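Participant: mind looking at a prediction? Sequence and model below.
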Amino acid sequence: MSKRLSEANLNDLPRAVERPRYDRRAVATGIVHLGVGAFHRAHQAVYVDDVLAQDPRWGIVAASLRSPDTYDALQPQDGLYTLSVRSGEGERLRIIGAIERVIVAPEAIEDLLRVMASPQTRIVSLTVTEKGYCHDPATGMLNEKHPDIVHDLHNPHLPRSAPGFIIEALRRRRMAGIPPFTVLTCDNLPSNGRTVKRVLTRFAELSDPALGRFVADEVACPCTMVDRIVPATSDEDRRRIREELGVTDAWPVVTEPFTQWVIEDSFPQGRPAWETVGAEFVTDVEPYEHMKLRLLNGSHSTLAYLGYLAGYETVADTMADPAFERLITGLMNEEVTSTLHMPAGADLPAYKRALIERFKNPALRHRTWQIAMDGSQKLPQRLLGTVRDRLRENAPIQRLALGVAAWMRYVTGIDEKGAPIDVRDPMAARLRETADRAGDSAERLASELLALREIFGDDLPQDERFTGPVTAALQQLYVKGAKRTVAEWN
């Protein structure tokens with residue numbers, strides 16, 4: 001068993017491995033991050049790591065709101081981990097040191113609240129996935145019946161949810177006369193900063209009307225767009241990186257060369273100079289957000305459901321099938337692009353070409369099953385917003401409808417060969433009950449699933465221009481299967 005990666009052996013690593021270019025002992029906490037998953041460690045933490053070389057005030061205390069896995073991996077490594085950037089040209093390894101320590105929130109609630117309430121903390125950032133905001137994806141409003149929200153409103157000093165932790169920390173700062181931190185969401189929500197502001201304000205209002213007014217008037221929640229493909233780390237990744245480093249890293253992260261971060265510049269208590277290390281600050285993030293959510297994420301979800309049903313394990317495997325590449329290219333060019341309104345200077349054709357190449361990157365083993373998770377939370381942002389815009393134009397939605405139908409086929413929990421699908425979704429039990437009621441009838445399954453207003457709202461289930469193509473596509477998937485359906489699409 002080799003030694004673990006740590007501060008003590010940083011200087012023993014191979015010369016080709018990049019390591020922190022600053023004294024970690026001089027770093028002070030400026031950011032608390034909720035949701036310390038692979039994406040954060042491959043994206044925002046890398047930008048922070050770059051900034052720390054010039055400004056040590058922005059170290060990260062990272063918190064896991066559920067599992068101790070990241071703590072167990074990183075704590076013995078002094079918070080260090082390996083960033084592996086992979087492409088067809090090879091692999092570059094870099095040690096990231098921006099995370100000072102990790103807190104497991106359920107085991108250290110008071111510790112996390114204390115750090116969040118500290119005057120030193122000026123930003124609280126989040127990557128808790130769409131479901132972590134305890135909101136209704138169809139409306140963008142707080143789900144006041146969510147079990148964690150109900151619990152946190154009755155037990156504000158013992159929060160479980162991200163909104164619960166944020167509002168309790170803001171309450172403490174307000175009582176102590178400390179200005180509020182900026183809440184920086186980095187998740188795929190429509191108008192993500194405004195959505196989070198709405199969720200937090202409502203939660204605070206339910207707790208205390210005066211606190212609700214304080215959040216509404218004083219707390220900045222800038223919008224962001226984040227873009228980098230980060231597959232789940234595999235045992236093979238760990239083995240390969242261990243052999244390269246000569247020490248064991250329990251949880252490296254693997255990603256692609258491409259990275260993008262577009263941020264609304266609204267940070268009353270200050271912020272890192274991220275613009276000096278590649279981030280872009282703009283007055284309006286929404287065009288970039290729509291570009292990414294609809295082109296990248298919408299295509300990703302369509303590939304995930306259809307690819308999984310067709311028997312492809314990864315996105316690259318799926319895109320190696322020319323029929324799938326034609327489908328996704330057509331989805332982008334013929335159904336998504338007309339709904340985007342980019343500022344001058346944005347090169348949309350180049351972004352789309354780059355996406356196709358990124359999807360085809362054979363060095364990234366991004367599993368279709370991983371992307372397919374939490375579809376009930378993702379569809380409204382990734383596909384249904386585009387659908388609504390297309391319907392307003394009275395324009396065709398055939399490929400978008402196929403993506404929605406593939407989700408419907410996937411969440412039945414039974415694949416085309418009769419084998420079970422491990423459906424991971426907050427609504428998994430309800431989705432399975434719906435599928436069981438529908439039996440083998442594609443028409444009934446479509447009708448029952450479209451009735452889920454949390455996903456489809458009140459408008460789409462009443463619009464035959466949407467329900468018709470979705471039902472027809474679902475029938476095709478049942479009769480022909482995903483692979484043949486896609487092959488015959490173009």
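Facilitator: Yes, it's here.
Participant: give me the phi and psi for Thr129.
Facilitator: Backbone torsions for Thr129, taken as degrees, to the nearest 10, come to phi 70, psi 170.
Participant: surely it touches Gly375?
Facilitator: No. Checked against CB atoms under 8 Å, the pair Thr129 and Gly375 is beyond contact range at 11.9 Å. Just so you know, the C-beta spots here come from the backbone N, C-alpha and C atoms, and that holds for glycine as well.
Participant: more neighbours: which of those two?
Facilitator: Legend: neighbour count by other CB atoms under 10 Å for Thr129 and Gly375, higher for Gly375 (27 against 18).
Participant: identify the residue nearest the more buried one in space, chain neighbours excluded?
Facilitator: Trp407 (5.0 Å; CB to CB, 6 or more residues apart in numbering).
Participant: pull the contacting residues for that neighbour.
Facilitator: The neighbours of Trp407, taking CB atoms under 8 Å, 6 or more residues apart in numbering as the test, are 301, 305, 375, 379.
Participant: swap in Ala372?
Facilitator: Contact analysis of Ala372 by CB under 8 Å, 6+ apart lists 301, 304-305, 308, 410, 423-424.
Participant: do that again at 7 Å, thanks
Facilitator: When contacts are counted by CB atoms under 7 Å, 6 or more residues apart in numbering, Ala372 touches 304-305, 308, 410.
Participant: number of residues surrounding Ile356?
Facilitator: When neighbours are counted by other CB under 10 Å, Ile356 registers 14.
Participant: host element of it?
Facilitator: Taking DSSP states H and E as the criterion, Ile356 maps to helix 348-359.
Participant: what do you get for Thr467?
Facilitator: Using DSSP H and E, Thr467 falls in helix 464-480.
Participant: I'd like to know which elements that helix is packed against.
Facilitator: Packing partners of helix 464-480 (3 or more CB pairs under 7 Å, 6 or more residues apart in numbering; DSSP states H and E): helix 385-392, helix 398-410, helix 442-450.
Participant: repeat that for 8 Å
Facilitator: The contact analysis (3 or more CB pairs under 8 Å, 6 or more residues apart in numbering; DSSP states H and E) places helix 464-480 against helix 385-392, helix 398-410, helix 442-450, helix 482-487.
Participant: mind checking which of the ones you listed is nearest Leu348?
Facilitator: Leu348 lies closest to helix 385-392 among the helices and strands packed on helix 464-480, at 14.5 Å (CB to CB).
Participant: roughly how far is that closest one from the heart of the chain?
Facilitator: 22 Å (CA atoms, centre = their mean, to the nearest Å).
Participant: that one: which residues count as buried?
Facilitator: 385-391 (16 or more other CB atoms under 10 Å).
Participant: isn't Arg271 up against Arg122?
Facilitator: Yes. Between Arg271 and Arg122 a contact is recorded at 7.4 Å, counting by CB under 8 Å.
Participant: list residues touching both of these two?
Facilitator: By CB under 8 Å, 6+ apart, the residues touching both Arg271 and Arg122 are Thr182.
Participant: one step back: which one of the contacts of Ala372 sits in the busiest neighbourhood?
Facilitator: Neighbour counts for the contacts of Ala372, by other CB under 10 Å, peak at Ala304, which reaches 28 neighbours.
Participant: so that one touches Val315, yeah?
Facilitator: Yes. Counting by CB under 8 Å, Ala304 does reach Val315; the two are 7.4 Å apart.
Participant: intersection of neighbour lists for those two?
Facilitator: 368, 371.
Participant: pLDDT below threshold where in this structure?
Facilitator: 1, 490 (pLDDT under 70).
Participant: that one: strands as residue ranges?
Facilitator: Secondary structure of the chain (DSSP state E): strands located at 29-34, 59-64, 81-87, 90-96, 99-104, 123-126, 135-136, 141-142, 182-185, 224-227, 253-255, 260-264, 280-282.
Participant: could you list the domains of the protein?
Facilitator: 7-282, 286-487 (automatic domain parsing).
Participant: quote the end-to-end distance of the shortest one.
Facilitator: Across its full length, domain 286-487 reaches 34 Å end to end, with CA to CA, to the nearest Å as the criterion.
Participant: any chance of JSON lines for the contacts of Trp407, columns distance to Val247?
Facilitator: Output for the contacts of Trp407, formatted as JSON lines (distance: CB to CB, whole Å):
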{"residue": "Ser301", "distance to Val247": "37"}
{"residue": "Tyr305", "distance to Val247": "39"}
{"residue": "Gly375", "distance to Val247": "38"}
{"residue": "Leu379", "distance to Val247": "42"}
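Participant: if we can go back for a sec, with just CA atoms, put the helix holding Thr467 into PDB.
Facilitator: This file holds the C-alpha atoms of helix 464-480, laid out as PDB (Å, rounded to 0.1, in the frame of the first residue of the first chain):
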ATOM      1  CA  GLU A 464     -51.200  18.900 -28.400                       C
ATOM      2  CA  ARG A 465     -48.300  20.300 -30.200                       C
ATOM      3  CA  PHE A 466     -46.200  18.900 -27.400                       C
ATOM      4  CA  THR A 467     -48.100  15.900 -26.200                       C
ATOM      5  CA  GLY A 468     -48.600  14.500 -29.700                       C
ATOM      6  CA  PRO A 469     -44.900  14.400 -30.700                       C
ATOM      7  CA  VAL A 470     -43.900  13.000 -27.300                       C
ATOM      8  CA  THR A 471     -46.400  10.200 -27.400                       C
ATOM      9  CA  ALA A 472     -45.500   9.400 -31.000                       C
ATOM     10  CA  ALA A 473     -41.800   9.200 -30.100                       C
ATOM     11  CA  LEU A 474     -42.500   7.100 -27.100                       C
ATOM     12  CA  GLN A 475     -44.500   4.600 -29.200                       C
ATOM     13  CA  GLN A 476     -41.600   4.400 -31.600                       C
ATOM     14  CA  LEU A 477     -39.200   3.700 -28.800                       C
ATOM     15  CA  TYR A 478     -41.400   0.800 -27.600                       C
ATOM     16  CA  VAL A 479     -41.900  -0.600 -31.000                       C
ATOM     17  CA  LYS A 480     -38.400  -0.100 -32.600                       C
END
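Participant: how many residues are close by Glu243?
Facilitator: Neighbours around Glu243, by other CB under 10 Å: 9.
Participant: now it: how far from Pro14?
Facilitator: 11 Å (CB to CB, to the nearest Å).
Participant: so where do the helices sit in the stretch 51-200 of the chain?
Facilitator: 69-74, 109-117, 147-154, 162-176, 192-207 (DSSP state H, counting those that start in this stretch).
Participant: using JSON lines, lay out those helices together with mean neighbour count.
Facilitator: Shown next, in JSON lines, are the helices of the stretch 51-200 of the chain (neighbours: other CB atoms under 10 Å):
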{"stretch": "helix 69-74", "mean neighbour count": "18"}
{"stretch": "helix 109-117", "mean neighbour count": "18"}
{"stretch": "helix 147-154", "mean neighbour count": "16"}
{"stretch": "helix 162-176", "mean neighbour count": "22"}
{"stretch": "helix 192-207", "mean neighbour count": "22"}
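Participant: alright, I will stop here.
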